[in-house]
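K.L.:
Quick one: sequence and predicted model below, then my questions.
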Protein chains: 2
Amino acid sequence: MKEVHISLGERSYDIHINSQLLTDKKLLASYAAGKQVVVITNETVAPLYLDQVSAAFSEHELHTIVLKDGESTKNLDTYKEIIDFMIGVPCDRLSTIIALGGGVIGDLSGFVAATYQRGISFVQIPTTLLAQVDSSVGGKTGVNHPSGKNMIGAFNQPKTVIADIDTLLTLDDRQFSAGMAEVIKYGAIRDLALFQWLETNITAVMQKDAEAVAHIIKRSCENKRDIVEQDEQEHGVRALLNLGHTFGHAIETATHYQRFLHGEAVSIGMAMAADLSLRLGWIGQEECDRLSALLKKAGLPVEPVSGLDPAVLRELMQGDKKVLDGTLRLILMKGIGDSVIAENVDGASINATLEAFTSN
Amino acid sequence: MKEVHISLGERSYDIHINSQLLTDKKLLASYAAGKQVVVITNETVAPLYLDQVSAAFSEHELHTIVLKDGESTKNLDTYKEIIDFMIGVPCDRLSTIIALGGGVIGDLSGFVAATYQRGISFVQIPTTLLAQVDSSVGGKTGVNHPSGKNMIGAFNQPKTVIADIDTLLTLDDRQFSAGMAEVIKYGAIRDLALFQWLETNITAVMQKDAEAVAHIIKRSCENKRDIVEQDEQEHGVRALLNLGHTFGHAIETATHYQRFLHGEAVSIGMAMAADLSLRLGWIGQEECDRLSALLKKAGLPVEPVSGLDPAVLRELMQGDKKVLDGTLRLILMKGIGDSVIAENVDGASINATLEAFTSN
């Protein structure tokens, strides 16, 4: 068992990383203090893992909510349906929510938990690599608005994160690669050793070797932990975690969330951040190439996106949540393992990068 | 100027209590860090104070939302309308919300602020006595659900509370009395000196003498502060603030929020809590009478409520948010200034109190 402890005062918690955690009834049940347990999951995950997880709560009053799979369920309407359901049960302030699924389930469930009767406990059981290395850790919860992702939400830490690496064996390769974008991101922003380890061991990782996978999840969680402990609510350094994300969100929005998984868009976005850093003279061609090469080996796209207008992307970037008082902040690289928050970046260079990564 | 400082680590803030605060442009403007300011108020308060408050933000980009007056606006639909409006502006993470009004405006605005882009700053400008002594202090925010009050919400502390006692001069007597219920409550639960001071000075208070009013607001905020600092999220001692509230909520619900203001229902609820404490032998008749006498002098009801079925009230109490794992917790009195959280209270005594305070 690998464990990562997140120290946030009374909001501290442990991340458990191992095989066969979902069958560890004692571990799961230990996090449900009250009588009612509400498992929130989706149609893809439910047939695979709902029975296993449910078995742990035989002493509790168990309720299950199975949502449609996909980003489109992450909205205020679904939020309200879940609240209505829980009030109908009725759940009280000691009830526990279990988020069983990927990032959509975790974000939505965490926001329900943050606001049901002003906050109840919730447990993250991430079943995708992306959720295990990123979205389940750090307490960002929320739902989308027609005008933008995660526009409504709360910072709300779970009671624990239970990352069972066995669940990755049922994850398709494209989804696994999408998760790798965030793993490589930690290397690029602050962990040269992880980046080098990935360059050497990428084959074992992509074959889902248990030791290799557990290692990258642990290192990813530790990197995220180090940043979140410094800046839980993203007033400063936490913004580094958005490397590739401002470009990536613009690409996702411009392609209506249809063409790319989040991790794929972030991969292209990181290649763009490296390209822009190169244009500014902050990194060299070699570092740019190393990042692209590793992303490619992880099965991720780094090529120009067809059918996109650079001017539209520029406009979308300006509407990003990270824009404060009209100032665009970008995460750029000074080296591999050394990213920085940059303001007032030369507009012509931004446009050159956007041109280079779009085509008709 | 009277000030009360609330110490909650990085969520600490000051309460300003004085005349002529709404015309102090420098004070108000100092709490709006970003570019956009959104003032949320209602149709009753807007004609009286919106111009004054708006004048402070001439250097900002000012937006105004004027809602219908009354508890019925405090719901998820209004919440969503405000979020939609702010996204349309667009507001960013540095934008500030100003809640100008009573408890409904404060609770709703605070919940919007808690969740807009995962949390932005907000300022409480309470314009009712109830809001100045209770709802604007302590960080409880939220909206109602058709099945119950404040079922959806968050703990979210404001950047400051600005209690301008001049606003109480436009408050009608019934609303002023309703606020007094919470002031008397602080005396009853933990502040014998305040209770005795009120017994002596109730006439000056009810005439809205500026010194007397500023004194009771300050002492109320200090009492609430002392409790909230110990237990921000109501895991324990904060429940004491609910003296009279479990009975009161049941009365409000049974009368469909039409007959009684919140403070009036709490007044009857406190009389009931004292009656039940007397039946249990925890206080004497004299203490029971002193509480009722003071409530009456403050213009509050303490008599049996006509047309109510005790069994219905009992049922509603069991559905209260304070019920955990099926256990009803009541706040009862061991003396004036000495209330306690009581569990497993004798059911026959509860029923006797319910019988005594209802009539056909």
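P.N.:
Received the coordinates, thanks.

K.L.:
so how far is residue A:141 from the residue nearest the centre of chain A?
P.N.:
Nearest residue to the geometric centre of chain A (Cα atoms, centre = their mean): residue A:135, 3.1 Å. Applying Cβ to Cβ, to the nearest Å, the value for residue A:135 to residue A:141 is 9 Å. To be clear about C-beta, it is placed using only N, CA and C from the backbone, and glycine gets the same treatment.

K.L.:
what does chain A have sitting close to chain B?
P.N.:
Within reach of chain B by Cβ under 8 Å from any Cβ of the partner chain, chain A has these residues: A:34-35, A:76, A:80, A:83-84, A:87-88, A:90, A:92-94, A:111, A:114-119, A:140-142, A:145, A:147-148, A:150-155, A:233-234, A:319, A:321, A:323-326.

K.L.:
before we move on, the earlier item: give the intersection of the neighbour lists for residue A:135 and residue A:141.
P.N.:
Taking Cβ atoms under 8 Å, 6 or more residues apart in numbering or on different chains as the contact rule, residue A:135 and residue A:141 both touch A:106-107.

K.L.:
about what we covered before: burial count for the closest residue in space to the residue nearest to the centre of chain A that isn't next to it in sequence?
P.N.:
The shortest distance from residue A:135 to any non-neighbouring residue, by Cβ to Cβ, 6 or more residues apart in numbering or on different chains, is to residue A:103 (3.7 Å). Using other Cβ atoms under 10 Å in any protein chain shown, residue A:103 is surrounded by 21 other residues.

K.L.:
Over to residue A:253?
P.N.:
By other Cβ under 10 Å, neighbour count at residue A:253 equals 19.

K.L.:
Over to the one 5 residues further on?
P.N.:
Neighbour count of residue A:258, defined by other Cβ under 10 Å: 6.

K.L.:
repeat for residue A:347
P.N.:
Residues contacting residue A:347 under the criterion other Cβ under 10 Å number 10.

K.L.:
again with residue A:61
P.N.:
Residues near residue A:61, counting by other Cβ under 10 Å: 13.

K.L.:
coming back round to it: I would like a ChimeraX command selecting only the buried ones among the residues of chain A next to chain B, please.
P.N.:
Filtering those down to the buried ones (16 or more other Cβ atoms under 10 Å in any protein chain shown) takes a single ChimeraX command:
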select /A:34,35,76,80,83,87,92,93,94,111,114,115,116,117,118,119,140,141,142,145,148,150,151,152,153,154,155,234,321,323,324
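
K.L.:
Quick check: strands, which of the residues of chain A next to chain B are part of them?
P.N.:
Judged by DSSP state E, strands contain the following of these: A:140-142, A:145, A:148, A:150-155.

K.L.:
Report the lowest-confidence entry in these.
P.N.:
pLDDT across those is lowest for residue A:148, at 83.

K.L.:
give the contact list for residue A:112.
P.N.:
Residue A:112 neighbours (Cβ under 8 Å, 6+ apart): A:40, A:79, A:82-83, A:86, A:97, A:122.

K.L.:
Next, the distance between the ends of stretch A:342-352.
P.N.:
This stretch, stretch A:342-352, spans 17 Å end to end (Cα to Cα, to the nearest Å).

K.L.:
Show me which positions of it end up buried.
P.N.:
A:342, A:345, A:349-350.

K.L.:
Next: stretch A:46-60.
P.N.:
The neighbour-count check on stretch A:46-60 (16+ other Cβ under 10 Å) flags A:46, A:49-50, A:52-54, A:56-57, A:60 as buried.

K.L.:
quick one on the thing from earlier: would you turn the buried residues of stretch A:342-352 into TSV with pLDDT and secondary structure?
P.N.:
Conversion of those to TSV gives the following (pLDDT from 0 to 100; DSSP: H, G, I helix; E, B strand; the rest coil):
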residue	pLDDT	secondary structure
A:342	95	strand
A:345	94	coil
A:349	97	helix
A:350	96	helix
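
K.L.:
can you put these in JSON lines and add distance to residue B:14?
P.N.:
JSON lines is the format used below for the buried residues of stretch A:342-352 (distance: Cβ to Cβ, whole Å):
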{"residue": "A:342", "distance to residue B:14": "36"}
{"residue": "A:345", "distance to residue B:14": "38"}
{"residue": "A:349", "distance to residue B:14": "45"}
{"residue": "A:350", "distance to residue B:14": "42"}
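
K.L.:
So for stretch A:215-230, what gets flagged as buried?
P.N.:
A:215-225, A:227-228.

K.L.:
residues contacting residue A:133?
P.N.:
So residue A:133 contacts A:179, A:182-183, A:186, A:216-217, A:220-221, A:224 (Cβ under 8 Å, 6+ apart).

K.L.:
Look up how far chain B lies from the residue nearest to it when sequence neighbours are not counted.
P.N.:
Of all residues not flanking residue A:133 in the chain, residue A:220 sits nearest, at 3.7 Å (Cβ to Cβ, 6+ apart). Counting by Cβ to the nearest Cβ, to the nearest Å, the separation of residue A:220 from chain B is 22 Å.

K.L.:
pretty sure residue A:220 contacts residue A:183?
P.N.:
Yes: assessed by Cβ atoms under 8 Å, residue A:220 is found in contact with residue A:183 at 5.2 Å.

K.L.:
wait, which of the contacts of residue A:133 is closest to chain B?
P.N.:
Closest to chain B out of the contacts of residue A:133 is residue A:224 (16.4 Å), distances taken as Cβ to the nearest Cβ.

K.L.:
Secondary structure of the closest one: a helix, I assume?
P.N.:
Yes: assessed by DSSP: H, G, I helix; E, B strand; the rest coil, residue A:224 belongs to a helix.

K.L.:
Which residue ranges of the stretch 251-360 of chain A form helices?
P.N.:
Per DSSP state H, counting those that start in this stretch, the stretch 251-360 of chain A carries helices over the ranges A:262-279, A:285-297, A:310-318, A:347-356.

K.L.:
Which strands and helices lie in contact with the first one?
P.N.:
Applying 3 or more Cβ pairs under 8 Å, 6 or more residues apart in numbering or on different chains; DSSP states H and E, one finds that helix A:262-279 makes contact with helix A:173-190, helix A:245-254, helix A:285-297, strand A:329-335, helix A:347-356.

K.L.:
Tell me which of the helices of the stretch 251-360 of chain A sits most buried.
P.N.:
helix A:262-279 (a mean of 26; mean count of other Cβ atoms under 10 Å in any protein chain shown).

K.L.:
and the angle from it to helix A:347-356?
P.N.:
Angle, helix A:262-279 to helix A:347-356, by axes from the mean of the first three to the mean of the last three Cα atoms, to 10 degrees: 130 degrees.

K.L.:
I'd like the distance between the residue nearest to residue A:331 when sequence neighbours are not counted and chain B.
P.N.:
Once flanking residues are discounted, residue A:331 sits nearest to residue A:243: 4.3 Å by Cβ to Cβ, 6+ apart. As for residue A:243, its distance to chain B is 19 Å (criterion: Cβ to the nearest Cβ).

K.L.:
Pull the contacting residues for residue A:243.
P.N.:
When contacts are counted by Cβ under 8 Å, 6+ apart, residue A:243 touches A:185, A:188-189, A:269-270, A:273, A:331, A:333, A:339.

K.L.:
and which of those is nearest to residue A:168?
P.N.:
Checking the contacts of residue A:243 against residue A:168 by Cβ to Cβ gives residue A:185 as the nearest, at 18.1 Å.

K.L.:
Test my guess that that closest one contacts residue A:269.
P.N.:
No: using Cβ under 8 Å as the test, residue A:185 is too far from residue A:269 to be in contact (9.6 Å).

K.L.:
and the buried residues of stretch A:215-230 as JSON lines, adding pLDDT?
P.N.:
Shown next, in JSON lines, are those (pLDDT from 0 to 100):
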{"residue": "A:215", "pLDDT": "97"}
{"residue": "A:216", "pLDDT": "97"}
{"residue": "A:217", "pLDDT": "97"}
{"residue": "A:218", "pLDDT": "97"}
{"residue": "A:219", "pLDDT": "97"}
{"residue": "A:220", "pLDDT": "97"}
{"residue": "A:221", "pLDDT": "97"}
{"residue": "A:222", "pLDDT": "96"}
{"residue": "A:223", "pLDDT": "97"}
{"residue": "A:224", "pLDDT": "95"}
{"residue": "A:225", "pLDDT": "94"}
{"residue": "A:227", "pLDDT": "95"}
{"residue": "A:228", "pLDDT": "93"}
